[in-house]
Each structure stands twice: as C-alpha cells, then as structure tokens.
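Peer 1: Okay, sequence plus prediction incoming.
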Amino acid sequence: MRNIFLFIRRYFNFLFFLALQVLALSFLFRYNRYHEAAFMSVASEITGSVNTRYNTVEYYFKLKKANESLVQENVHLRELLRSNYQGADTTRQLVVDSIRVDSLVLDQKYFYRDAKVVGSFVTTQTNFFTLHRGLNQGVNVDMGVIGPRGVVGRIVNVSSNFSTVMTMLSRQFKVDAKLKTSGDRGTISWDGISPQFVQMRNIPKNVKINKGDSVITSELSSIFPANILVGTVDTVVNDPSTNFLTLRLRSATNFSTVQHVYIVQNKQLEEQRMLEANTRKTNE
Amino acid sequence: MNDLLKNIFRFFAFILVQVYILHKIPPLHRFIVPYLYFLYVLWLPFSLGRTWLMIVAFVYGLSLDYFLLTPGLHAAACVLIAYVRPFLVNILIRQEGAEQSYGAPSIHSMGLAPYSLFVLVLTLLHHGYLVFLEWMEFGNFWYFLGKVGATTAVSLLLILITELLFYRKERYRTNTA
C-alpha cells in the first residue's frame, strides 16, 4: 500500500498528464461521434454572444454579397410566379389549381425559419456555423439548413438562443443528392481539400455528365426538401477500380460570405423515422 | 503590470486573436492553418509548477476549443506541450538558476539560440500531435507530414513577428528587490 502511494507521488505529474490527455481525448471522440461535450450548452451561449458582437462588424463588410445573393434568390422565386406564364396558343388552356393556401397548412411538410449566421469558420477540417436562433425559437437537432443559393448543412447542437450547424464542408457531413438531368442519385461528402468544392460519389459510369450540370437534393434526404441546389459539376474523376464515377462539384453556397440562412424543419420526419424503425424491428 | 493580470489579459487576447483574426483568414492551402495561440503556454512564468502549468494549459486549450467547436483537440495538444516544457527548460537554460532570476522564457532570459530551439521543439510537438489526432480519422501520411511542416513554418513566422512586435524585456530579479 505504501509503495502505491509512493509510486503515485513519484510519478504524479506523469499520471496527471495522462489523466488530462484521457479527459481531452474523450471530449474529442465523444464530440466527433455524438456532437456532445461537457458544458457545451453553457459554452455555446458564451461563445455565441461573443460571436454576435464580432459579427456586427463583419456583417457590415459582407452586406454587399449578402444582398446580391438575396436578390438573386428573389429573382428566382419571382420567375416561378404564375402571372409570368401565358401561352400564346389559345387552344391550350391553363388550369389553375384552386386550393387555398391556408387549407394546405395541415399538409405542409417543410417549415422554414430564417436565421442569421453569427459565427463561421471555413479553414478547418470540420467547419461549423453558429446561428443566432436556438431551442427557445423552435430550432432542434437534425434540422436542415439551406442558404439563399443552396444547401448549407445540418443542425448538430442547440442551446437556448444559439445553434451550431455542421456545414457541408465537414468530413462527417453526408447528404443524398441527384443529378438534375438524369436523376441518378449519389452521396455528397467533402474531402477536406478546398472549401469551394465537394465530392459526389456512386454515380454509375454509363451516365452522361457535362461540366456545369446541376446537382440537387434528392427525395431520399429526409431533412432537406427535394430539388434544393447543392452545386454544379466541375470535373469528373474516373476511378478505374470501381464501376462508379466521382464528381467534383463547385458548391452552390459560398461558405465564407453567407449571412442569412433558412432552417428547414421536416414536420413529418418523426413519423417517417418511427415507421422505418418499426419496419427494421419486424425484419429482425 | 502584475504577472497574474498580465497572464489573464494574454489568455483572452491570444484566444480572440486566434479565433477572430487567424481563423478568419481565407484558406490559402489545406496544409496551412495559422496557429499562434499556443505561444501563451510557452510564455507562462517559470514559477508555475508543472501541475498548474498543465491545468492552465488544459483550461486554455479547452476555451479555444469551445470557440472552434472541437472540444478536446487543442486542449490535448496544449497539455502535451505544458508537460514537456519544464524538461526543455531544464536542458536549455543558459546558466544555473536562471529560472529564479527571470520571470518567463524569452530571448532575454534564455538566450537567442536556446529560446529558438525551445520554440521550435514545442511548436513541432504541438502541431505534430494536433495533426496526428486529425489524421487518425482521415488523411494519409503525406498529408500528415505536409501539414505539420507547413503549419510549423507559418507558426514560427507568426511567433517571430509577435516577438518583434511585443518585445518582452525581462527584469533581472534579485533577492533584495
């Protein structure tokens, strides 16, 4: 017994060093897997409020770009207005759907909330945004986040007034997407090299792909609505060892300038997940 | 200024500079991440015991981690250099009893060559460990080597600039004072 105490006393510093390392690494691995860490909600309230202060300055310098992307989005939405379309041919009749929008609320699947980006990093291997909207404002984990131009990421952590988003520029982020032209589905991930490009895997080799083709979210990604732009094809990488192509996409969102985003809530997600879980259980 | 106050001020200053200036620089290359914050651990006074050195380094690294949302990553690297630091100081110190005569490691207290070696070794250790933790999850060996090399070079440049900008003249302490 005495020897044990002597041992501990003699190597106290080394043991203490090991203990701190284990503590730090357990924080790290736990966070990488579950995105939880001790004091995280308190810490994100504090860092969030510091981030907000910094953002009041940064926001000013990015106003021009934020404006541009919002105007572009407005133009895109205006083009969808029914009044813009009129056939010259009178034999063709335009049928107008007469369901009132109010009565559709029950059927609304995706619900949007706007949020401001107050903290962002694009320089590391796992890039996160901080949004100034949290649990008190109805945000929850696993909601999708899209920007004016396209997909941004997924909510991984919420505190009462702030939330953190794992952006598409994160090694762990995956989203199901499809080619707009052919409808072939693949998975989007990031290789950690350039913040302007993301990778799309598992596209069969027989699909014809042109540079500049749009890639949009598919119906399978339950947290994002379908047909949200992810990016455009930049280069096609042919891997001879597999039957699939890897596409290098230029991401639609410019992650270093995005200032306003929308948090998308899938109101039927829980029902869908429950059904899938039940199916898995019966098949086991 | 009081030593304690000075270090508390540095604590916040280094974290804010790291988070809001260095990490906001648009990425030049995937190998290059400008790190300067760990200089705080190198600048801590000699009088701090090894246990306290590690505790301070852990808290310091963790506070940076909460800003960058990587809980534990920088804390682990900081604790490592805090643990190794006293060994290096013992080997590299110029004259007998300099730890008592001077406040903290600097060019003035250790001499230019030993201090440079001190900074170089700890920078390499810090980045090596940091990138190694990242590498365990993804990446290959060349990525590891390239990133450690490039990041160390950038860090040394930043440290040189900081040392020139904030020249720390350490007063020689005597028993009579």
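Peer 2: Right, received. Where do you want to start? Numbering: from 1, shown residues only, chains lettered A, B, ... in the order given.

Peer 1: alpha carbons only for contacts and neighbour counts from here, please
Peer 2: Will do.

Peer 1: What's the first helix or strand after the helix or strand containing A:Val264?
Peer 2: Using DSSP states H and E, A:Val264 maps to strand A:260-266. Per DSSP H and E, strand A:260-266 leads on to helix A:269-283 as the next helix or strand towards the C-terminus.

Peer 1: Which residue does chain B have closest to chain A?
Peer 2: Among the residues of chain B, B:Gly72 lies closest to chain A, at 4.2 Å counting by C-alpha to the nearest C-alpha.

Peer 1: Give the burial count for A:Glu36, as a bare number.
Peer 2: The number of residues packed near A:Glu36 is 17, by other C-alpha atoms under 10 Å in any protein chain shown.

Peer 1: which SSE is the closest residue to it other than its chain neighbours in?
Peer 2: Of all residues not flanking A:Glu36 in the chain, A:Arg30 sits nearest, at 6.5 Å (C-alpha to C-alpha, 6 or more residues apart in numbering or on different chains). If you go by DSSP H and E, A:Arg30 is part of helix A:12-34.

Peer 1: Kindly export that helix (C-alpha atoms) in PDB.
Peer 2: Extracted C-alpha coordinates of helix A:12-34, given in PDB (Å, rounded to 0.1, in the frame of the first residue of the first chain):
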ATOM      1  CA  PHE A  12       2.200  12.300 -10.000                       C
ATOM      2  CA  ASN A  13       3.000  14.700 -12.900                       C
ATOM      3  CA  PHE A  14       3.000  12.000 -15.500                       C
ATOM      4  CA  LEU A  15      -0.200  10.400 -14.200                       C
ATOM      5  CA  PHE A  16      -1.800  13.800 -14.100                       C
ATOM      6  CA  PHE A  17      -0.600  14.400 -17.600                       C
ATOM      7  CA  LEU A  18      -2.200  11.100 -18.700                       C
ATOM      8  CA  ALA A  19      -5.400  11.900 -16.900                       C
ATOM      9  CA  LEU A  20      -5.700  15.200 -18.600                       C
ATOM     10  CA  GLN A  21      -5.000  13.600 -22.000                       C
ATOM     11  CA  VAL A  22      -7.600  11.000 -21.500                       C
ATOM     12  CA  LEU A  23     -10.100  13.600 -20.500                       C
ATOM     13  CA  ALA A  24      -9.300  15.800 -23.500                       C
ATOM     14  CA  LEU A  25      -9.400  12.800 -25.900                       C
ATOM     15  CA  SER A  26     -12.700  11.500 -24.500                       C
ATOM     16  CA  PHE A  27     -14.200  15.000 -25.100                       C
ATOM     17  CA  LEU A  28     -12.900  14.900 -28.600                       C
ATOM     18  CA  PHE A  29     -14.000  11.500 -29.600                       C
ATOM     19  CA  ARG A  30     -17.400  11.900 -27.900                       C
ATOM     20  CA  TYR A  31     -17.900  15.100 -29.700                       C
ATOM     21  CA  ASN A  32     -16.900  13.700 -33.100                       C
ATOM     22  CA  ARG A  33     -19.300  10.900 -32.700                       C
ATOM     23  CA  TYR A  34     -22.300  12.400 -30.900                       C
END
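
Peer 1: Which strands or helices does that helix pack on?
Peer 2: Contacts defined by 3 or more C-alpha pairs under 8 Å, 6 or more residues apart in numbering or on different chains; DSSP states H and E place helix A:12-34 against helix B:50-68, helix B:73-92.

Peer 1: The first one near chain A at all?
Peer 2: What it means is helix B:50-68. Yes - Helix B:50-68 is in contact with chain A by C-alpha under 8 Å from any C-alpha of the partner chain, via B:Arg50, B:Thr51, B:Met54, B:Phe58, B:Tyr66, B:Phe67, B:Leu68.

Peer 1: in the helix holding A:Arg30, what's buried?
Peer 2: Buried residues in helix A:12-34, counting neighbours by 16 or more other C-alpha atoms under 10 Å in any protein chain shown, are found at A:13, A:16-18, A:20-21, A:24-32.

Peer 1: what does it rub up against?
Peer 2: Here helix A:12-34 makes contact (C-alpha atoms under 8 Å, 6 or more residues apart in numbering or on different chains) with A:8, A:36-38, B:50-51, B:54, B:58, B:70-73, B:75-76, B:79-80, B:83.

Peer 1: Those residues, buried ones only, as a PyMOL selection?
Peer 2: Under the burial definition 16+ other C-alpha under 10 Å, those of those that qualify are selected in PyMOL by:
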select buried, (chain A and resi 36+37) or (chain B and resi 50+51+54+58+70+71+72+73+75+76+79+80+83)
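
Peer 1: Would you mind measuring from A:Leu81 to A:Val71?
Peer 2: Going from A:Leu81 to A:Val71 by C-alpha to C-alpha, to the nearest Å gives 16 Å.
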